[in-house]
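[1] sequence plus the predicted model coming up.
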Amino acid sequence: MTRLPALFISHGAPDLPIRSGAAQDFLRQLHQQFPKPKAILVVSAHWNTPYPTASTAPLPRTIYDFSGFPAALYNLTYPATGSPELAEQVVTLLSQAGLRAETHSSRGLDHGAWTPLILAYPEADIPVTQLSIQYRLGPDHHFRVGQALAPLRDQGVLLLASGAATHNFDGFNPTYNAEPPGWVTKFDHWLKEAVTQHDVNQLLNYRQIAPFAIENHPTDEHLLPLFVALGAGGETATGTPLHSSYVYGSFSMAAYAFS
């Protein structure tokens, strides 16, 4: 079976599926870039638990973990089946790596999972399991999580880490296609360079090194999924930029593949 990459995508705002633009066009063609996965493991910035937790829900519900958006968004559903078997395998791999891990019997798909998937795999015919992040444990922990999950790439599982390359609501511009300010683009460009050079040390210490790191990530939960993808890519991984655009001024929609 062909080894799949580990992906990091920026999911932007919850209205992603009902907007149009470069990010939506990118996601709609994403499935053409590699073979169809046997299953998808989504690591979303919007599920936080004390320990890595994988959902064993056989039919994960669509979670609308947002408010104030057009009614059309709440009419969308993503009826993919779950994969309890994959969830159990995730827990086993993490436990073998010395990481405490748990399962959750009913967790559905939050908007970090289903809003990009409804564009990338609209037929919802691939089982999807979601894995949580740990807000308080930082990049190094999530890098270890990714390293532990790397074997899944050889088994037809697409590891889809969903967060945001930049994420600061204080810089939010209500115009969807607003130009990003310099403090956003400078961090975004730094991130692209560090990823393409596979500079793991720089990435793991981005809050001390990157320009405008704190301005772009006042809290770093939306970048933590990137470190899972980075770890899953392997020691000799190549970080490949897949997409670059901006929405609402302060949200980079950058995406990367690690393989």
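    That came through, no problem. Numbering: from 1, shown residues only.
[2] where does the prediction get shaky in this structure?
    Residues of the chain meeting the criterion pLDDT under 70: 1.
[3] can you map out the helices along it?
    Taking DSSP state H as the criterion, the chain carries its helices at 22-29, 71-74, 84-96, 111-120, 138-149, 182-196, 200-204, 206-209, 213-216, 224-233.
[4] Ala54 is nearest to which of those?
    Closest of the helices of the chain to Ala54 is helix 84-96, at 3.8 Å (criterion: Cβ to Cβ). Heads up, the C-betas are built off the backbone N, CA and C, glycines and all.
[5] name the nearest residue to Ser245, ignoring sequence neighbours.
    Excluding the flanking residues, the one nearest Ser245 by Cβ to Cβ, 6 or more residues apart in numbering is Ala22, at 4.0 Å.
[6] count of neighbours near Asp76?
    Let me fix one detail, which is that residue 76 is Leu and not Asp. The number of residues packed near Leu76 is 13, by other Cβ atoms under 10 Å.
[7] sorry, back to before: in a markdown table, list the helices of the chain along with distance to Phe172 and mean neighbour count.
    A markdown table is the format used below for those (distance: least, Cβ to Cβ, whole Å; neighbours: other Cβ atoms under 10 Å):
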| stretch | distance to Phe172 | mean neighbour count |
| --- | --- | --- |
| helix 22-29 | 16 | 17 |
| helix 71-74 | 18 | 12 |
| helix 84-96 | 34 | 18 |
| helix 111-120 | 16 | 25 |
| helix 138-149 | 25 | 21 |
| helix 182-196 | 11 | 19 |
| helix 200-204 | 25 | 17 |
| helix 206-209 | 21 | 14 |
| helix 213-216 | 13 | 19 |
| helix 224-233 | 21 | 29 |
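[8] how about those helices in a markdown table, adding distance to Ala57?
    Converted to a markdown table, the helices of the chain look like this (distance: least, Cβ to Cβ, whole Å):
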| stretch | distance to Ala57 |
| --- | --- |
| helix 22-29 | 24 |
| helix 71-74 | 20 |
| helix 84-96 | 8 |
| helix 111-120 | 12 |
| helix 138-149 | 19 |
| helix 182-196 | 32 |
| helix 200-204 | 32 |
| helix 206-209 | 33 |
| helix 213-216 | 33 |
| helix 224-233 | 20 |
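[9] measure Phe227 to Ala194 for me?
    Phe227 sits 12 Å away from Ala194, taking Cβ to Cβ, to the nearest Å as the criterion.
[10] pull up the overlap in contacts between the two.
    Leu203 (Cβ atoms under 8 Å, 6 or more residues apart in numbering).
[11] looking at the helices of the chain, which is nearest to Gly156?
    So among these, helix 84-96 is nearest, using Cβ to Cβ, at 10.4 Å.
[12] which elements pack onto that closest one?
    Using 3 or more Cβ pairs under 8 Å, 6 or more residues apart in numbering; DSSP states H and E, the elements in contact with helix 84-96 are strand 39-48, strand 53-55, strand 102-104, strand 128-133, helix 138-149.
[13] please repeat the previous calculation with a cut-off of 6 Å.
    strand 53-55, helix 138-149 (3 or more Cβ pairs under 6 Å, 6 or more residues apart in numbering; DSSP states H and E).
[14] grab the nearest non-local neighbour of the most centrally placed residue in the chain.
    Here the mean C-alpha position of the chain is nearest to the C-alpha of Ser162 (Cα atoms, centre = their mean), at a distance of 1.3 Å. Leaving aside its sequence neighbours, Ser162 sits nearest to Gly112 (Cβ to Cβ, 6+ apart; 4.5 Å).
[15] thanks again, I'm all set now.
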